[in-house]
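**Q** Dropping the sequence and predicted coords here.
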Amino acid sequence: MAERVARDIPEGAYVNLGIGLPTKISDYLPSDREVILHTENGMLGMGPAAVGDEIDQDLMNAGKIPVTELAGSSFFHHADSFAMMRGGHLDVCVLGAFQVSETGDLANWHTGAPDAIPAVGGAMDLATGAKDVYVLMELTTKTGTSKLVKELTYPVTGIGCVTRLYTDRAVFALGAEGASVIETFGDTTIDELRELTGLELKDAR
Amino acid sequence: MISKIVASTAEAVAGIQDGSSVMIGGFGVAGQPVELIDALLESSSATDLTIISNNAGNGDTGIAALLASGRVRKVICSFPRQSDSHVFDELYRAGKLELELVPQGNLAERIRAAGAGIGGFFTPTGFGTTLAEGKETRVIDGRNYVLEAPIHADVALIKAVAGDRWGNLIYRKTARNFGPIMATAAKLSIVQVDRIVELGELDPEAVVTPGIFVKRLVQIESNAAVSEGAAQ
């Protein structure tokens, strides 16, 4: 899945990879392609995770994992970092999600459970800030329910913000017109996806 | 002669009043002014505090220790829940701590706005979510925005790598995070640095926080050796 997203990230793109699964995308970016990674705690030009002697407590990514700096990297304060996001300067941001609606509404910050302690971090800023917001997630929950839905049942992070959804079964384009399937994997059929999601799903393969 | 340098962390946090709002820099451990937080805990008796920071402490030290002391009434932050945020979690669940949850970019911009004398701003972040409930909204050029207010503070506790007696500061790598904006938004900005340098030693082109935003500066001797090699 991460490899599939990496293929769609073009040369020269400024990209923010959300915490968790999306961070793996950087492992699959072709070495001949210059892509500049942004981390919202204040860095452009982030390199791979730090190991051994490279570990430096002052050099972390947004997941608070020690990382390295590449030649050409820069540091900046938090307000500048989020200005890059909110101001539409980032080309792509890839996030994980609990649920995504066919029109691109995103839920990824809060389960809504009564005893859960809410934490939002940069999720809402990322959802509204980048030119393109991609979501990377398994299509179904552990119990087999579709996470691509008609309407969210989890608390919303951003409305109509997700443009593309990458899953283990298919890739979807999302928008005001609804969801269309742009690629299927393995022996997955459109009819299967329609049944699973309960959505009309245009075939745009 | 202007000198903002104080001799100890106790002197640095002197005079913080009950009921103060206190900004604390740092993102995780990077840029966290640990020694100043310890001083606030040990050398000051200020209580009924509002803490403004990205996180709400982890483990049992720093902000977590401050919360455990029972002297904090309210936390304004973006990400309180972490794997080891048990102090916050318990106090919050017991209803002993008020929480204002703010999206991270809105938190940064509200702090920046306060320091820049901006009375509020419209942001797309959070529109239509529970975190924007009750807030004024407006459509600008076809897009939905939420009105957000500035966050001022009485005190800011900040960590920088080096500073001079005028209060000019440079930071190190991602430890910069909230320091520069918090310095602008608090009436009393208190900075701990690994090294105090002579006036003129910092390249004016490289100064990140100009001294006008800083009131007190204290050197933490034990950190100097660590940053000496690393910051060159």
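**A** Perfect, I can see it now. Numbering: from 1, shown residues only, chains lettered A, B, ... in the order given.
**Q** could you pull out the helices for chain A?
**A** For chain A, the helices defined by DSSP state H occupy A:2-7, A:78-86, A:123-129, A:190-197.
**Q** Can you say which of these is packed in most?
**A** helix A:123-129 (a mean of 30; mean count of other Cβ atoms under 10 Å in any protein chain shown). C-betas here are computed from N, CA, C, even on glycine.
**Q** helix/strand/coil for the residue of chain B at minimum distance from chain A?
**A** With Cβ to the nearest Cβ as the measure, B:G105 is the residue of chain B nearest to chain A, at 3.2 Å. Put simply, B:G105 is helix when judged by DSSP: H, G, I helix; E, B strand; the rest coil.
**Q** Longest strand in chain A, please.
**A** Counting residues, the longest strand found in chain A (DSSP state E) is strand A:67-75.
**Q** Neighbours of residue 175, how many?
**A** Here I'm looking at chain A. With neighbours defined by other Cβ atoms under 10 Å in any protein chain shown, the count for A:G175 comes to 14.
**Q** right idea, wrong chain: chain B
**A** So B:A175, with other Cβ under 10 Å, has 27 neighbours.
**Q** Need phi/psi at B:R93.
**A** Reported as degrees, to the nearest 10, the phi and psi values for B:R93 are phi -70, psi -30.
**Q** I figured A:F75 hits B:K173, correct?
**A** Yes: counting by Cβ atoms under 8 Å, A:F75 does reach B:K173; the two are 5.8 Å apart.
**Q** Tell me the residues that contact both of the two, please.
**A** Residues touching both A:F75 and B:K173 comprise A:M43, with contact defined as Cβ atoms under 8 Å, 6 or more residues apart in numbering or on different chains.
**Q** Give me the below-cutoff pLDDT ranges for chain A.
**A** Under the criterion pLDDT under 70, no range of chain A is flagged.
**Q** Any buried residues in stretch B:66-73, and which?
**A** Judged by neighbour count using 16 or more other Cβ atoms under 10 Å in any protein chain shown, the buried positions of stretch B:66-73 are B:L66, B:L67, B:A68, B:R71, B:V72.
**Q** isn't there a strand covering the second one?
**A** No: with the criterion set as three-state DSSP, the secondary structure at B:L67 is helix rather than a strand.
**Q** Excluding sequence neighbours, find me the nearest residue to it.
**A** In space, and not counting its chain neighbours, B:L67 is closest to B:V87: 5.1 Å by Cβ to Cβ, 6 or more residues apart in numbering or on different chains.
**Q** which ones are touching that neighbour?
**A** B:G57, B:D60, B:A64, B:A65, B:L67, B:A68.
**Q** quick one: the fourth one from A:R33, how far?
**A** Read it as B:A65. Relative to A:R33, B:A65 is positioned 46 Å away (criterion: Cβ to Cβ, to the nearest Å).
**Q** quick one, which of the two is more surrounded?
**A** B:A65 (18 against 12).
**Q** so which helix or strand takes in the closest residue to the more buried one other than its chain neighbours?
**A** The shortest distance from B:A65 to any non-neighbouring residue, by Cβ to Cβ, 6+ apart, is to B:L41 (5.8 Å). Using DSSP states H and E, B:L41 sits within helix B:34-42.
**Q** partners of the very next helix or strand once past that helix in the sheet?
**A** Per DSSP H and E, the first helix or strand lying C-terminal to helix B:34-42 is strand B:49-52. Neighbouring strands of strand B:49-52 in its sheet, by DSSP bridges, are strand B:21-24 (parallel), strand B:72-77 (parallel).
**Q** Tell me which residue of the chain is furthest from the middle?
**A** Picking chain A for this. A:D53 (30.2 Å; Cα atoms, centre = their mean).
**Q** That was the other one, I meant chain B.
**A** Furthest out from the centre of chain B (Cα atoms, centre = their mean) sits B:G142, at 34.9 Å.
**Q** Tell me how far that residue lies from A:G88.
**A** 14 Å.
**Q** State the pLDDT value of B:E228.
**A** pLDDT, B:E228: 54.
**Q** next one: the one 3 residues further on
**A** The model reports B:A231 with a pLDDT of 45.
**Q** Does A:L95 touch A:L106 like I think?
**A** Yes: between A:L95 and A:L106 there is a contact at 7.2 Å, judged by Cβ under 8 Å.
**Q** what residues are shared contacts of those two?
**A** A:A127, A:V133, A:V135.
**Q** nearest to chain B, of those residues?
**A** Distances from chain B to the shared contacts of A:L95 and A:L106, taken by Cβ to the nearest Cβ, are shortest for A:A127, at 8.1 Å.
**Q** Run through the strands of chain B in chain order.
**A** For chain B, applying DSSP E gives strands covering B:21-24, B:49-52, B:72-77, B:98-101, B:121-123, B:137-140, B:143-148, B:153-163, B:169-170, B:186-196, B:216-219.
**Q** wait, which of the ones you listed is closest to A:I159?
**A** strand B:143-148 (7.8 Å; Cβ to Cβ).
**Q** Which other helices and strands does the closest one contact?
**A** Under the contact definition 3 or more Cβ pairs under 8 Å, 6 or more residues apart in numbering or on different chains; DSSP states H and E, strand B:143-148 sits against helix B:104-116, strand B:121-123, strand B:137-140.
**Q** Save the ones you listed as JSON lines, and put in mean pLDDT and mean neighbour count too.
**A** Shown next, in JSON lines, are the helices and strands packed on strand B:143-148 (pLDDT from 0 to 100; neighbours: other Cβ atoms under 10 Å in any protein chain shown):
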{"stretch": "helix B:104-116", "mean pLDDT": "98", "mean neighbour count": "25"}
{"stretch": "strand B:121-123", "mean pLDDT": "98", "mean neighbour count": "18"}
{"stretch": "strand B:137-140", "mean pLDDT": "98", "mean neighbour count": "10"}
